[in-house]
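Trainee: Please work out how this folds:
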Amino acid sequence: MSPSRAIDHRFPPRLIPILGMTSIAMSIGCVQPDSDRPWSTRGQSINNNQPAPTAPPASVTTQRTEASSSSEPMLVEIVAEDDQPSEPPAVAVVEEEVIPIPEPRQPTILQGDTPEARAISWLQEAIFNDYSLVRAYAYEAMEHDPSLLQEYGSNGLVDENRGVRFVTTMAIGRTCLTTLAPLIEPGLLDPSLSVKAASIYALRELGQPVDPSPLAAMAMGEDPEVRGNAYMVLGMLGNPSAISVIDASLGQGMRLRNPMRIRITELQAAEALVMLGDEADVEPLRAALFSPVEQGELTVLACDMLGRLQDERARPMLMRLILADGNERRPPEIRVAAANAILRLPPPYENGLEKVILQYVDAENPLLRTQVASALANGPSPEASQALDRLLADQNPIVRTAAAGALLERAAASSESQPGTFEGTTATVPD
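Mentor: The predicted structure is shown next:
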């Protein structure tokens, strides 16, 4: 619920794209930006007080019981001619971002004969990772295999990190795991208001009587994280009477907060309003696609939201972000987000759309690889599956976890049995 800082970038839906972030990188955020760079949340994520390890990256060993054959990659025509021009600076939110890699105690062994089996093998290990962002991505990924969430979700509900508790609670609500309802109830007394909001949502989805009125006070609160999550829950609960609650909160309070954080919260409100039936509020999301380059985080977030909302009228705008060249060429994060948004719309799809995402599979920036992994969940070709299998062996555990979630999402989509499938909103995951 991202996977995002405190906003979902990174989930269908990601609590984390987004950057897959849109995604958890973006989703795990909305933390206080640097005072000298108010538009940037670089270097801030869940449990960011953990020191960066000095040990080398963990090694990954893939273990198969029998040899598996892979088909030839599907050839895809590139949307626009690309002679490998130099990319513009990365989106501010991920500029020079370094995701720390925990010190390895032993090589990671991924067991299984299929990519999906190896993904499950990794997730069963990832939920015990030292880094809370990895754990959050892992519990979110289990949403696509409810049996995993049924078995391990109780651990996430009592995790020491409130972001992990939040993501796990939302995932249980979306998958309608009614047997876990008694374990959700203590969340109503959690010290984190975001976890309380998630608990209200989950219990109502699980058919339990719970008073939703505290969400109105949260929507009027001074904390952008809490307010954004209240908007999200109100939108997902689907009661049109919440439109007046959200409208009344806009422009009120948060006068001492950073303008960028306020803008993100406003986009979360707009998405919730559209979900509740107020379609006119899609316009702020479309406008955010063309935010200034230094506010690229807003563009990535808007792409993710419009894809989830199935806004077909935004297709030409999203294509413009992909095809822009020369001085107007968008950073990789924006191009990937736009391509992913289009892949979430009804077909037909433009030729080479998936190639826009695949060209960044080997990107140096782990946040970009994380975003790519999340986006490939929607890629229709065998080449996307092969790329995800490679990313599942990535040295960075966050990339690996995002790839595992995407593989399970693809498997769930093809199985035609997806109880509780969610097309939700962007969360502000607590740090």
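
Trainee: gap between the host helix or strand of Ile357 and the chain center?
Mentor: Here Ile357 sits within helix 353-358, counting by DSSP states H and E. On the basis of CA atoms, centre = their mean, to the nearest Å, helix 353-358 is displaced by 19 Å from the centre of the chain it belongs to.

Trainee: So which other helices or strands are in contact with that helix?
Mentor: When contacts are defined as 3 or more CB pairs under 8 Å, 6 or more residues apart in numbering; DSSP states H and E, helix 353-358 sits against helix 332-343, helix 366-375, helix 382-391. In this view, the C-beta of every residue, glycine as well, is placed from N, C-alpha and C.

Trainee: next SSE after the last one?
Mentor: When you say that, I think you mean helix 382-391. Scanning forward in sequence from helix 382-391 by DSSP H and E, the next helix or strand is helix 397-415.

Trainee: ok so, going back, dump the helix holding Ile357 to CSV, restricted to CA.
Mentor: Taking C-alpha atoms only, helix 353-358 is exported to CSV below (Å, rounded to 0.1, in the frame of the first residue of the first chain):
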residue,chain,number,x,y,z
LEU,A,353,4.5,1.3,-24.9
GLU,A,354,5.9,-1.5,-22.8
LYS,A,355,9.4,-0.8,-24.3
VAL,A,356,9.3,2.6,-22.6
ILE,A,357,9.4,0.7,-19.3
LEU,A,358,11.7,-2.1,-20.2
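
Trainee: on that earlier part again, could I get the helices and strands packed on helix 353-358 as a markdown table with mean pLDDT, distance to Ala269 and mean neighbour count?
Mentor: Output for the helices and strands packed on helix 353-358, formatted as a markdown table (pLDDT from 0 to 100; distance: least, CB to CB, whole Å; neighbours: other CB atoms under 10 Å):
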| stretch | mean pLDDT | distance to Ala269 | mean neighbour count |
| --- | --- | --- | --- |
| helix 332-343 | 98 | 19 | 29 |
| helix 366-375 | 97 | 24 | 32 |
| helix 382-391 | 95 | 33 | 20 |
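
Trainee: Relative to Pro182, which of those is closest?
Mentor: Taking CB to CB, helix 366-375 is the member of those nearest to Pro182, at 31.9 Å.

Trainee: Could you check the angle the closest one makes with helix 397-415?
Mentor: 10 degrees (axes from the mean of the first three to the mean of the last three CA atoms, to 10 degrees).

Trainee: quick one, helix 366-375 and helix 332-343 angle?
Mentor: Angle of helix 366-375 versus helix 332-343, following the same axes, to 10 degrees, is 10 degrees.
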